[in-house]
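In: Just to be clear, the model below is a prediction. Sequence and coordinates:
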Amino acid sequence: MREKNDQKMIFGKAQPRPGSTLRALLTKAELHQQAEQLVLASIPEELADATRFVSCTDGELILATDNASKATRLRFRQHEIMESLRQHDLFRFVWKVKIKVSPLRFRARPAVKVTPLSKENARLLKEEAGHTKDKALREVLEKLAAHVQD
């Protein structure tokens, strides 16, 4: 039988030696990357693209996704995910999945395409300006009508 300390994840086993901080960090980063690949392989394809492996400590696996609907779908499939992960040594003691929503900070916005004002629309604006009694509104409509492009 294993001791309780042995049930902790293998992630914390690298003991840093004096002067080898960078090596310890690189080892942890490689281990984290391997663990993330295993986790993403066990997640359904339609959910894996926006899901990230955050950490796994004391049997609690933490995942992050970009929106709430994907988080809900991951929660519905958490038992299936845990079952496939327990086949690997790194995740043999996973008993809980915690899913966090972490929205993307920046989104590529499509360029705004300005459509030019047609001659017909400009004519209609001038016509409406002629029927308007409010002087300020009439001036605005006439300025808009002047933006027609040939």
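Out: Alright, I've got the coordinates.
In: List the contacts of the most centrally placed residue in the chain.
Out: The centroid of the chain falls nearest to residue 66 when counting by CA atoms, centre = their mean (2.8 Å). Residue 66 makes contacts with 50, 101, 102, 103, 104, as judged by CB atoms under 8 Å, 6 or more residues apart in numbering. Quick note: C-beta positions are derived from backbone N, CA and C, even for glycine.
In: Also residue 53?
Out: With contacts defined as CB under 8 Å, 6+ apart, residue 53 is in contact with 32, 35, 36, 39, 40, 61, 62, 63.
In: run the last query once more with 10 Å
Out: Residue 53 makes contact with 32-33, 35-40, 43, 61-64 under the criterion CB atoms under 10 Å, 6 or more residues apart in numbering.
In: Strands - which of these land there?
Out: 61, 62, 63, 64 (DSSP state E).
In: which of these has the most neighbours?
Out: The most neighbours of any of the ones in strands among the contacts of residue 53, using other CB atoms under 10 Å, belong to residue 63, which has 26 neighbours.
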